[in-house]
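Enquirer: missing the sequence, but the structure's below:
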């Protein structure tokens with residue numbers, strides 16, 4: 001995968017070639033970018049969560065945060081969204097689970113995770129040491145499971161919000177709740193009663209009208225919306241005539257989906273009052289700026305983390321430079337500023 005004009009690349013994508021990414025920065029983690037001077041304000045508020053800047057990590061691409069500790073100061077980020085947590089540990093789907101595409105990747109990980117007990121005991125303590133808001137993405141096979149997860153997380157210190165995974169395309173029944181407005185409303189409203197924490201449903205692009213799903217989630221009590229999750233895709237190995245993923249289909253992410261994601265963020269921003277976290281193929285600051293101008297209050301960097309572990313910091317740096325160069329003193333002047 002190579003992004004023309006980008007500051008990073010993946011090498012060796014053909015058969016028989018190894019894959020190489022930039023090694024750990026010498027001298028330890030990358031420091032937080034300069035603020036650009038007191039005249040530039042990057043702070044935003046999403047779902048009542050105060051963030052020092054609008055750049056977050058996308059669930060499933062940043063592990064539990066600790067994996068990226070050697071590369072960057074986690075205090076730099078606007079928020080950290082950890083990989084999906086379920087009630088019980090999940091082994092995920094059988095391999096192969098990842099396939100590279102010309103402008104992104106397919107994944108069918110299957111929500112592999114340690115389960116809520118291990119997360120609270122082994123992962124959350126590490127995250128509590130930072131002053132960055134922690135948002136936990138949760139998934140269940142029933143409304144009761146979502147409610148139980150929300151209750152358990154609400155009892156713990158150090159969790160700023162809950163992202164509801166109602167749109168994962170690579171697990172059985174993963175899109176049931178997120179593909180129907182009535183089911184979306186039912187799930188969000190039930191979970192809303194189970195927790196005082198901010199609720200952020202993550203919406204699927206694999207629907208006819210994403211604005212209908214967004215309005216249902218807002219009416220049910222969502223505090224913000226994340227969009228988009230991956231699109232359902234498939235790749236075939238022509239030598240073996242078999243799917244490249246054991247799951248056959250998987251979620252497509254990366255630069256290929258960005259125009260779709262930006263369009264959906266714009267459409268939803270016109271349809272609801274709820275703040276939006278935009279994501280989908282953000283590789284550079286320029287990509288992130290598209291989402292902000294289209295109406296997103298914050299953005300989440302996903303696939304880029306696999307290519308360059310400090311991509312989030314570079315996005316923050318780029319946004320800061322853009323504001324300064326364009327004479328903008330506050331990031332809020334940019335949000336939703338798309339000209340007709």
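Expert: Ah, there it is. Remember, it's a predicted structure, so these values are computed and weren't measured experimentally.
Enquirer: What is the distance between the strand or helix carrying residue 164 and the centre of its chain?
Expert: For residue 164, the host element (DSSP states H and E) is strand 161-165. Distance of strand 161-165 from its chain centroid, counting by CA atoms, centre = their mean, to the nearest Å, is 11 Å.
Enquirer: Pull the residues that contact that strand.
Expert: 47, 49, 59, 81, 84, 111, 133, 135-139, 146, 149-150, 153, 187-188, 191, 195, 197-202, 223-224, 226, 229 (CB atoms under 8 Å, 6 or more residues apart in numbering). C-beta: built from backbone N, CA, C; applies to glycine.
Enquirer: do stretch 42-53 as well
Expert: Identification of contacts with stretch 42-53 by CB under 8 Å, 6+ apart yields 35-36, 54, 77-79, 132-133, 135, 160-161, 198-200, 223-224, 275, 277, 297-298, 316, 319-320, 323, 331-332, 335.
Enquirer: If you count neighbours, what's buried in that stretch?
Expert: Residues of stretch 42-53 classed as buried: 42, 44, 46-47, 49, 51-53 (neighbour count, 16 or more other CB atoms under 10 Å).
Enquirer: now, which of the contacts of strand 161-165 lie within strands?
Expert: Using DSSP state E, the members of these that fall in strands are 49, 81, 84, 135-138, 199-202, 226.
Enquirer: would you turn those into CSV with distance to residue 180 and pLDDT?
Expert: Output for the ones in strands among the contacts of strand 161-165, formatted as CSV (distance: CB to CB, whole Å; pLDDT from 0 to 100):
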residue, distance to residue 180, pLDDT
49, 28, 98
81, 24, 98
84, 20, 97
135, 25, 98
136, 24, 98
137, 20, 98
138, 19, 97
199, 18, 98
200, 19, 98
201, 13, 98
202, 15, 97
226, 18, 98
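Enquirer: Just give me the closest of those to residue 248.
Expert: Using CB to CB, residue 84 comes nearest to residue 248 of the ones in strands among the contacts of strand 161-165, at 20.7 Å.
Enquirer: count of neighbours near the closest one?
Expert: Close neighbours of residue 84, defined as other CB atoms under 10 Å, add up to 21.
Enquirer: Surely it touches residue 60?
Expert: Yes - counting by CB atoms under 8 Å, residue 84 touches residue 60, with 6.4 Å between them.
Enquirer: Show me the common contact partners of these two, please.
Expert: By the contact definition CB under 8 Å, 6+ apart, residue 84 and residue 60 are jointly contacted by residue 137.
Enquirer: Locate residue 269 within the secondary structure: which element?
Expert: With DSSP H and E as criterion, residue 269 is part of helix 258-271.
Enquirer: That helix: what's the following helix or strand?
Expert: Downstream of helix 258-271 (by DSSP H and E), the next one is strand 276-279.
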